[in-house]
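> coords please:
(3 chains)
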Amino acid sequence: MPELPEVEITRRGLAAHLPGRMVSDVIVRDRRLRLPVTADLAGKLIGDSLIGIDRRGKYLLLRFGRGSLLAHLGMSGNLRVLPADAPARKHDHIDILFGKLALRYSDPRRFGLMLWLQGDGSDHPLLAALGVEPLGDAFSADWLFQATRGRRCAIKLLLMDSHVVVGIGNIYASESLFRAGIRPRTAACRLTRAQCARLVPAVCDTLTDALAAGGSTLRDFHSAEGQSGCFQQQYFVYDRAGTACRVCDSPIRGLRLGQRSTYYCPRCQK
DNA sequence: CCACGCTCCTGCGCGC
DNA sequence: TGCGCGCAGGAGCGTG
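Just a heads-up that it's a prediction; the model follows:
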């Protein structure tokens, strides 16, 4: 499930192979994503060259001369570079062909997006309302303290609110709160300055560790399987209910928060 | 503005 | 072995 690190790894993989290449063909096998794939995507793209690839939260922006292609991987999506003649399999919904190479979008659950935007797309509603980047300078302890004032929701839900801070999904929200020693149900407005000062680096460390772990296993984007790095083995709490805390041996607890599975250590997190 | 629940979709794991 | 159920999750949207 792609969260910010996976999306950034994807960005780097694509950026290593595709910029400077011109689109020769576009094949859309299934337009039914979270929103329908832009009509006549081929007409928008063919003949244009890819300039570069940006990331905003979990969105990827493929920059072409005539506009931007906005991609979101949803829950189960992935973008890979393959030989153009690699046979398509089930759930391979879109191919953007760059001569001998294909950029292929696969997404079994079809929660993703593939939209053509005019210009740089920054005024598009999906992008305009996004919060701060957790690996950027704006994400600071002071900023988090201010952002949590007046917010009575659980801190885990606030961390996952992309209008506040982007890119933190269900897994890394639990992991970050463990590293910060803060219980996921704590009301956001009750976080102290000291807790904010722990949570900000905890989020950054969680994301950068995941990035490092995944980056090392996903270096070759020509390989068929662009999946799962090895960060999974490093989870402190996620999906570990009933098993021993890696730090203090207490049993990890699981609960539901905002319809989402949530995990924490009752001893390490207060 | 804020909080919260619903929704989209498919694959998988579990219980019977 | 097979069937059906519930869960997993990002994020927009509707409701109160």
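
> residues touching whatever residue of the stretch 1-150 of chain A ends up closest to DNA strand C, list them.
DNA strand C sits closest to residue A:58 of the stretch 1-150 of chain A, with a gap of 3.6 Å, by Cβ to the nearest atom of the strand. Bear in mind the C-beta positions are built from the backbone N, C-alpha and C, glycine included. Counting by Cβ atoms under 8 Å, 6 or more residues apart in numbering, residue A:58 makes contact with A:2, A:3, A:4, A:7, A:72, A:73, A:162, A:166, A:167, A:169.

> how near is it to residue A:267?
According to Cβ to Cβ, to the nearest Å, residue A:58 stands 32 Å off from residue A:267.

> ranges for the helices of chain A?
Taking DSSP state H, the helices of chain A run over residues A:4-15, A:41-45, A:125-128, A:141-148, A:155-159, A:170-180, A:193-217.

> packing partners of the helix or strand of chain A with the lowest mean pLDDT?
Sorted by mean pLDDT, DSSP states H and E, the helices and strands of chain A end with helix A:193-217, the least confident at a mean of 87. Helices and strands touching helix A:193-217, by 3 or more Cβ pairs under 8 Å, 6 or more residues apart in numbering; DSSP states H and E, are helix A:4-15, helix A:141-148, helix A:170-180.

> now the angle from it to helix A:4-15?
Here the directions of helix A:193-217 and helix A:4-15 differ by 40 degrees (axes from the mean of the first three to the mean of the last three Cα atoms, to 10 degrees).

> in the stretch 51-200 of chain A, which residue sits closest to DNA strand C?
For the stretch 51-200 of chain A, Cβ to the nearest atom of the strand, closest residue to DNA strand C: residue A:169, 2.4 Å.

> so what's that residue up against?
Applying Cβ under 8 Å, 6+ apart, the residues contacting residue A:169 are A:1, A:2, A:3, A:4, A:58, A:160.

> how close does the nearest residue to the fourth one once chain neighbours are set aside get to residue A:211?
Among residues not flanking residue A:4 along the chain, residue A:167 sits closest, at 3.0 Å (Cβ to Cβ, 6 or more residues apart in numbering). Remark: distance between residue A:167 and residue A:211 (Cβ to Cβ) = 11 Å.

> out of those two, which sits in the more crowded spot?
When neighbours are counted by other Cβ atoms under 10 Å, residue A:167 comes out ahead of the other of residue A:167 and residue A:211, with 27 against 19.

> make TSV out of the helices of chain A and add distance to residue A:109.
Converted to TSV, the helices of chain A look like this (distance: least, Cβ to Cβ, whole Å):
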stretch	distance to residue A:109
helix A:4-15	15
helix A:41-45	21
helix A:125-128	19
helix A:141-148	31
helix A:155-159	22
helix A:170-180	15
helix A:193-217	20
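
> what does chain A put close to DNA strand C?
Residues of chain A found near DNA strand C (Cβ under 7 Å from any atom of the strand) are A:1-3, A:34, A:57-59, A:72, A:74-76, A:109, A:111, A:125-126, A:129, A:160, A:162-163, A:166-167, A:169-171, A:239, A:259-261.

> ChimeraX command for the buried members of these?
Of the residues of chain A next to DNA strand C, the buried ones go into a single ChimeraX selection, burial set by 16 or more other Cβ atoms under 10 Å:
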select /A:2,3,34,57,58,59,72,74,126,160,162,166,167,169,170,171
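
> out of the residues of chain A next to DNA strand C, which are close to DNA strand B?
Filtering those for proximity to DNA strand B by Cβ under 7 Å from any atom of the strand leaves A:34, A:75, A:109, A:111, A:259.

> closest to residue A:134 out of those?
residue A:75 (19.8 Å; Cβ to Cβ).

> domain-wise, how is chain A divided?
Structural domains annotated on chain A: A:4-128, A:141-264, as defined by automatic domain parsing.

> weakest of these in terms of mean pLDDT?
Set side by side, the domains of chain A give their lowest mean pLDDT on domain A:141-264, at a mean of 85.

> and the contacts of stretch A:21-28?
A:37, A:41-42, A:45-50, A:64, A:88, A:93-99, A:101.

> returning to what we had before: if I look at the residue of the stretch 51-200 of chain A closest to DNA strand C, how far off is residue A:210?
Counting by Cβ to Cβ, the gap from residue A:169 to residue A:210 is 11 Å.
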